[in-house]
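Novice: sharing a model that was predicted from the sequence below.
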Amino acid sequence: MTSQTQYWNRLIGPGIVALVGAGGKTTALSKLVEYGRLKGQPMVVTTTTRLYESQVAQYEPIYSKDINDVDEYCTHRILQGYCGAWFTGISRTKVDSVDCESIDHLATLHPNWQIVVEADGAKEKWLKAPKDTEPVVPNKTTTTIGVVNLQMLGSPLDDEHVHNLELVQSIVNRDMGAIVTPHMLAQIVLHKQGLFQYSKGKKILFCTGYDTVQHRIIDDFIGYIVDSDISAIVLADGYKASCEIRRIIQCR
């Protein structure tokens with residue numbers, strides 16, 4: 001049986017990883033950091049959007065726009081066995097974003113680091129379609145991980161579950177309140193203005209909520225995805241600390 005460490009290690013390695021989508025991005029980020037540190041992979045956390053300060057306080061971030069200060073601080077943290085974390089400031093309850101050029105610069109300085117970037121916002125909803133201005137993905141990104149919550153299967157298209165509802169409706173051509181089918185969810189994943197808009201590098205689909213939906217329905221959804229340009233599909237149970245990968249399906 002494949003262990004959690006083996007599963008997560010398949011997502012860990014040098015380069016910029018951009019997290020996009022909805023329904024578990026911050027969970028995926030925290031688990032990548034956890035298993036990256038276990039593997040001994042130098043890790044840095046940042047964002048091109050905004051995160052709640054409470055979500056990243058545990059990483060003891062540096063707040064700075066000076067790349068030299070950031071480089072020195074993150075290097076020190078990594079040598080101590082921790083992950084680095086970098087934001088440009090705090091506004092009320094959220095940390096401020098770092099621009100893509102600065103993230104690319106840090107990646108060039110340290111090609112052996114894994115820089116995990118939360119590159120999309122979803123207001124804690126389960127599903128979203130991005131606006132024209134999002135997600136914000138650094139140019140040197142090597143992997144884009146698109147997150148969807150499988151609990152949307154069988155749930156309605158409404159403001160409670162969906163961010164940018166009108167954009168999602170336009171992609172699937174359904175009215176508000178329509179029940180999400182495997183085909184509709186696949187449309188959001190595969191549409192050029194869908195989950196992976198502006199993605200760079202290889203694409204990995206990370207599905208949360210695997211334990212909450214009948215697997216035959218999930219298999220129908222996967223059937224629409226496997227012949228696409230997505231490299232792998234990750235199926236995970238749970239939330240935050242309890243999140244565990246159950247399957248990884250290699251597509252290409």
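Specialist: Nice, I can see it. Numbering: from 1, shown residues only.
Novice: could you list every residue that touches Lys200?
Specialist: When contacts are counted by Cβ atoms under 8 Å, 6 or more residues apart in numbering, Lys200 touches Ala18, Val137, Pro138, Asn139, Lys140, Thr141, Thr142, Thr144. For every residue, glycine as well, the C-beta is placed using N, CA and C.
Novice: typo on my end, it should be Arg50
Specialist: Ser91, Lys94, Val95, Asp96, Ser97, Gly121.
Novice: all strands for the stretch 51-200 of the chain, in order.
Specialist: 51-52, 62-63, 84-87, 90-91, 94-95, 114-118, 127-128, 141-149, 162-163 (DSSP state E, counting those that start in this stretch).
Novice: identify whichever of those lies nearest to Asn9.
Specialist: strand 114-118 (11.5 Å; Cβ to Cβ).
Novice: adjacent strands (with direction) for the closest one?
Specialist: Strand 114-118 sits in its sheet next to strand 15-21 (parallel), strand 43-47 (parallel), going by DSSP bridges.
Novice: format those as TSV; extra columns: mean pLDDT.
Specialist: Shown next, in TSV, are the strands paired with strand 114-118 (pLDDT from 0 to 100):
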stretch	mean pLDDT
strand 15-21	98
strand 43-47	98
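Novice: out of those strands, flag the one nearest Gly36.
Specialist: strand 43-47 (4.3 Å).
Novice: in the lengthiest helix in the chain, what counts as buried?
Specialist: Using DSSP state H, we find that the single longest helix of the chain is helix 25-39. Neighbour-count burial for helix 25-39 flags 25-37 (criterion: 16 or more other Cβ atoms under 10 Å).
Novice: which residues are in contact with that helix?
Specialist: Residues contacting helix 25-39 (Cβ under 8 Å, 6+ apart): 4-5, 8-9, 11-12, 17, 19, 43, 45, 51, 55, 59, 81-83, 114, 116, 118, 120, 122, 145, 147, 206, 208, 239-241, 243.
Novice: could you redo the last one with a cut-off of 7 Å?
Specialist: 5, 8-9, 11-12, 19, 43, 45, 55, 83, 114, 116, 118, 120, 145, 147, 206, 208, 239-240, 243 (Cβ atoms under 7 Å, 6 or more residues apart in numbering).
Novice: also stretch 244-252?
Specialist: With contact meaning Cβ under 7 Å, 6+ apart, stretch 244-252 is reached by 4, 7-8, 10, 210, 222, 226, 228, 230-238.
Novice: dump that stretch to PDB, restricted to CA.
Specialist: Once non-C-alpha atoms are left out, stretch 244-252 reads as follows in PDB (Å, rounded to 0.1, in the frame of the first residue of the first chain):
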ATOM      1  CA  GLU A 244      -5.000  12.300   3.100                       C
ATOM      2  CA  ILE A 245      -4.400  11.300  -0.500                       C
ATOM      3  CA  ARG A 246      -6.200   8.100  -1.500                       C
ATOM      4  CA  ARG A 247      -5.300   7.800  -5.200                       C
ATOM      5  CA  ILE A 248      -3.200   9.400  -7.800                       C
ATOM      6  CA  ILE A 249      -4.100   8.700 -11.400                       C
ATOM      7  CA  GLN A 250      -1.400   9.400 -14.000                       C
ATOM      8  CA  CYS A 251      -3.000  10.800 -17.100                       C
ATOM      9  CA  ARG A 252       0.000  11.500 -19.300                       C
END
